[in-house]
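[1] coords below, sequence missing:
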(Lines give C-alpha, C1' and ligand atoms only; values in the text may rest on other atoms or scores of the structure.)
Protein backbone atom coordinates (compact mmCIF):
# COMPACT_ATOMS: atom_id res chain seq x y z
CA UNK A 1 0.00 0.00 0.00
CA UNK A 2 1.25 3.49 -0.87
CA UNK A 3 2.06 6.21 1.63
CA UNK A 4 0.59 9.20 -0.20
CA UNK A 5 -3.17 9.74 0.17
CA UNK A 6 -3.92 9.81 -3.56
CA UNK A 7 -2.32 6.43 -4.28
CA UNK A 8 -3.82 4.92 -1.14
CA UNK A 9 -7.30 6.04 -2.23
CA UNK A 10 -6.74 4.65 -5.70
CA UNK A 11 -5.54 1.33 -4.27
CA UNK A 12 -8.68 1.18 -2.18
CA UNK A 13 -10.75 2.10 -5.23
CA UNK A 14 -9.14 -0.73 -7.18
CA UNK A 15 -10.07 -3.21 -4.46
CA UNK A 16 -13.64 -1.93 -4.43
CA UNK A 17 -13.82 -2.28 -8.22
CA UNK A 18 -12.77 -5.93 -7.85
CA UNK A 19 -15.88 -6.49 -5.73
CA UNK A 20 -18.31 -4.38 -7.80
CA UNK A 21 -17.41 -5.73 -11.25
CA UNK A 22 -17.28 -9.52 -11.34
CA UNK A 23 -16.69 -9.43 -15.13
CA UNK A 24 -12.90 -9.14 -15.73
CA UNK A 25 -13.35 -6.95 -18.83
CA UNK A 26 -15.54 -4.41 -17.00
CA UNK A 27 -13.24 -4.49 -13.99
CA UNK A 28 -10.16 -3.89 -16.16
CA UNK A 29 -11.86 -1.00 -17.97
CA UNK A 30 -12.80 0.60 -14.64
CA UNK A 31 -9.26 0.10 -13.29
CA UNK A 32 -7.84 1.69 -16.44
CA UNK A 33 -10.07 4.72 -15.93
CA UNK A 34 -8.95 4.91 -12.29
CA UNK A 35 -5.29 4.68 -13.35
CA UNK A 36 -5.81 7.46 -15.91
CA UNK A 37 -7.30 9.65 -13.18
CA UNK A 38 -4.26 8.98 -11.01
CA UNK A 39 -1.86 9.86 -13.82
CA UNK A 40 -3.72 13.08 -14.58
CA UNK A 41 -3.53 14.14 -10.92
CA UNK A 42 0.16 13.34 -10.65
CA UNK A 43 0.92 15.21 -13.87
CA UNK A 44 -0.99 18.23 -12.58
CA UNK A 45 1.06 18.23 -9.38
CA UNK A 46 4.29 17.85 -11.37
CA UNK A 47 3.27 20.70 -13.69
CA UNK A 48 2.51 22.95 -10.69
CA UNK A 49 5.90 22.18 -9.13
CA UNK A 50 7.65 22.89 -12.44
CA UNK A 51 5.79 26.20 -12.84
CA UNK A 52 6.82 27.20 -9.32
CA UNK A 53 10.48 26.41 -10.04
CA UNK A 54 10.35 28.39 -13.30
CA UNK A 55 8.85 31.39 -11.49
CA UNK A 56 11.64 31.28 -8.88
CA UNK A 57 14.27 31.09 -11.62
CA UNK A 58 12.73 34.18 -13.26
CA UNK A 59 12.87 36.07 -9.94
CA UNK A 60 16.51 35.02 -9.47
CA UNK A 61 17.42 36.26 -12.97
CA UNK A 62 15.80 39.65 -12.33
CA UNK A 63 17.61 39.98 -8.99
CA UNK A 64 20.96 39.02 -10.53
CA UNK A 65 20.54 41.52 -13.38
CA UNK A 66 19.85 44.42 -11.01
CA UNK A 67 22.49 47.14 -10.68
CA UNK A 68 21.51 47.78 -7.06
CA UNK A 69 23.88 46.23 -4.55
CA UNK A 70 20.98 45.66 -2.16
CA UNK A 71 19.02 43.63 -4.73
CA UNK A 72 21.75 41.70 -6.54
CA UNK A 73 24.29 41.56 -3.74
CA UNK A 74 22.41 39.95 -0.87
CA UNK A 75 22.96 36.33 -2.00
CA UNK A 76 26.71 36.72 -2.53
CA UNK A 77 26.97 38.59 0.78
CA UNK A 78 25.21 35.81 2.69
CA UNK A 79 27.32 33.25 0.83
CA UNK A 80 30.54 35.01 1.80
CA UNK A 81 29.42 35.40 5.42
CA UNK A 82 28.62 31.68 5.59
CA UNK A 83 31.94 30.82 3.94
CA UNK A 84 33.94 32.98 6.33
CA UNK A 85 32.04 31.56 9.33
CA UNK A 86 32.72 28.00 8.18
CA UNK A 87 36.40 28.79 7.61
CA UNK A 88 36.69 30.31 11.07
CA UNK A 89 34.79 27.52 12.83
CA UNK A 90 36.45 24.55 11.11
CA UNK A 91 39.92 25.86 10.18
CA UNK A 92 41.01 29.08 11.89
CA UNK A 93 39.67 28.47 15.41
CA UNK A 94 41.12 24.93 15.76
CA UNK A 95 44.49 26.05 14.39
CA UNK A 96 44.64 29.10 16.68
CA UNK A 97 43.63 26.97 19.68
CA UNK A 98 46.32 24.42 18.80
CA UNK A 99 48.92 27.18 18.33
CA UNK A 100 48.03 28.75 21.68
CA UNK A 101 48.29 25.38 23.46
CA UNK A 102 51.72 24.72 21.91
CA UNK A 103 52.88 28.23 22.84
CA UNK A 104 51.51 27.84 26.36
CA UNK A 105 53.41 24.57 26.84
CA UNK A 106 56.72 26.31 26.03
CA UNK A 107 56.14 29.21 28.43
CA UNK A 108 56.31 29.19 32.21
CA UNK A 109 53.24 31.38 32.57
CA UNK A 110 50.09 30.81 30.50
CA UNK A 111 47.20 33.14 29.95
CA UNK A 112 43.94 31.44 29.13
CA UNK A 113 42.30 32.93 26.06
CA UNK A 114 38.81 31.83 25.14
CA UNK A 115 38.07 32.04 21.45
CA UNK A 116 34.56 33.09 20.49
CA UNK A 117 32.15 30.42 19.32
CA UNK A 118 28.76 30.76 17.71
CA UNK A 119 25.63 28.74 17.09
CA UNK A 120 26.35 26.60 14.03
CA UNK A 121 22.73 25.40 13.78
CA UNK A 122 21.63 28.87 12.68
CA UNK A 123 24.44 28.95 10.11
CA UNK A 124 23.51 25.50 8.78
CA UNK A 125 19.89 26.63 8.45
CA UNK A 126 20.82 29.70 6.42
CA UNK A 127 23.32 27.84 4.27
CA UNK A 128 20.95 24.92 3.73
CA UNK A 129 18.26 27.33 2.56
CA UNK A 130 20.66 29.04 0.18
CA UNK A 131 21.88 25.77 -1.26
CA UNK A 132 18.43 24.28 -1.50
CA UNK A 133 19.20 21.44 0.86
CA UNK A 134 16.11 21.98 3.00
CA UNK A 135 13.82 18.98 2.91
CA UNK A 136 10.79 20.56 4.55
CA UNK A 137 8.82 20.79 1.31
CA UNK A 138 9.49 17.14 0.58
CA UNK A 139 8.41 16.22 4.10
CA UNK A 140 5.24 18.27 3.71
CA UNK A 141 4.47 16.58 0.40
CA UNK A 142 4.94 13.14 1.95
CA UNK A 143 2.67 14.02 4.85
CA UNK A 144 0.10 15.48 2.46
CA UNK A 145 0.22 18.98 3.94
CA UNK A 146 0.96 20.60 0.57
CA UNK A 147 0.68 19.48 -3.01
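    Sure, I can see it. Treat the numbers as computed from the prediction; the structure is a model and nothing was measured. Residues are numbered from 1 along each chain as shown.
[2] Check which helices and strands the longest helix along the chain sits against.
    Longest helix in the chain by number of residues (criterion: DSSP state H): helix 24-65. With contacts defined as 3 or more C-beta pairs under 8 Å, 6 or more residues apart in numbering; DSSP states H and E, helix 24-65 has these neighbours: helix 5-20, helix 69-72. Quick note: C-beta positions are derived from backbone N, CA and C, even for glycine.
[3] contacting residues around the residue located most distally from the centre of the chain?
    Each residue of the chain has a distance to the centre, and by C-alpha atoms, centre = their mean the biggest one is for residue 108: 52.2 Å. Residues near residue 108 by C-beta atoms under 8 Å, 6 or more residues apart in numbering: none.
[4] how far away is it from residue 120?
    To residue 120, residue 108 is 36 Å away according to C-beta to C-beta, to the nearest Å.
[5] hmm, back to that, roughly how far is the longest helix of the chain from the heart of the chain?
    Distance of helix 24-65 from the chain centroid (C-alpha atoms, centre = their mean, to the nearest Å) equals 20 Å.
[6] Point out where this structure drops to low pLDDT.
    1-10, 12-15, 17-19, 21, 43, 132-141, 145-147 (pLDDT under 70).
[7] per-domain residue ranges of this structure.
    Using automatic domain parsing, the domain parsing of the chain gives 1-67, 73-147.
[8] tell me how far the first one is from the chain's mean position?
    In this case it means domain 1-67. Chain-centre distance of domain 1-67: 22 Å, with C-alpha atoms, centre = their mean.
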